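Enquirer: Fold the following for me, if possible:
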Amino acid sequence: MKKLISCLVALLMCCSIGSISMSAAVIPDGSIAAPYYLYTNSITTTLSVSSNNEASCRTTISGNSDTATKIVVTQYLEKKNGNSWDEVTKWTDTFNSWWCNCTNSYTITESGTYRLRSVAKVYSGSKYENVDITSTEKTVKI
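Expert: Numbers count the residues shown, from 1 in each chain. Purely as a prediction, here's the structure:
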């Protein structure tokens, strides 16, 4: 009887552990799926740098058209400093809509590796959720 109970407990533990490990959404390429948002459908951010070192910073957010009422986006242009990132400049824009396309530009004057980090509050009335995304890195040589 003790062996049976021990086996059942072990089986339940294995099933529980399996459920926990399976709850993480892993995409076949090995990346982790984006978190679930209540008011946000998608967010993208891109940093492109032209030949004259003009950084174009773009963030597009699509909220849930049934619930999202306002989006406040702060874009941070950051430069790599060892293992950390220093803020070069930032912009904050407010959109009284469920959708936004935020574009800003900056002339880069120093060589280095740059990225665009976008942090947004997507509102539904007075409630909101935070979304945060970082672009791919761009190396600039002046």
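
Enquirer: where exactly do the strands run in the chain?
Expert: With DSSP state E, the ranges of strands along the chain come out as 40-49, 54-63, 70-81, 84-95, 99-107, 112-124, 127-134, 138-140.

Enquirer: now those as a markdown table including mean neighbour count and mean pLDDT?
Expert: The way it works is simple: take the backbone N, C-alpha and C, and place the C-beta from them, glycine included. Rendered in a markdown table, the data for the strands of the chain read as follows (neighbours: other Cβ atoms under 10 Å; pLDDT from 0 to 100):
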| stretch | mean neighbour count | mean pLDDT |
| --- | --- | --- |
| strand 40-49 | 17 | 96 |
| strand 54-63 | 20 | 97 |
| strand 70-81 | 19 | 98 |
| strand 84-95 | 14 | 98 |
| strand 99-107 | 16 | 97 |
| strand 112-124 | 20 | 97 |
| strand 127-134 | 15 | 96 |
| strand 138-140 | 14 | 96 |
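
Enquirer: hey, what's the nearest residue to Leu38 once chain neighbours are set aside bridged with?
Expert: Spatial nearest neighbour of Leu38, excluding adjacent residues (Cβ to Cβ, 6 or more residues apart in numbering): Glu129 at 5.8 Å. Glu129 has these beta-bridge partners by DSSP bridges: Val122.
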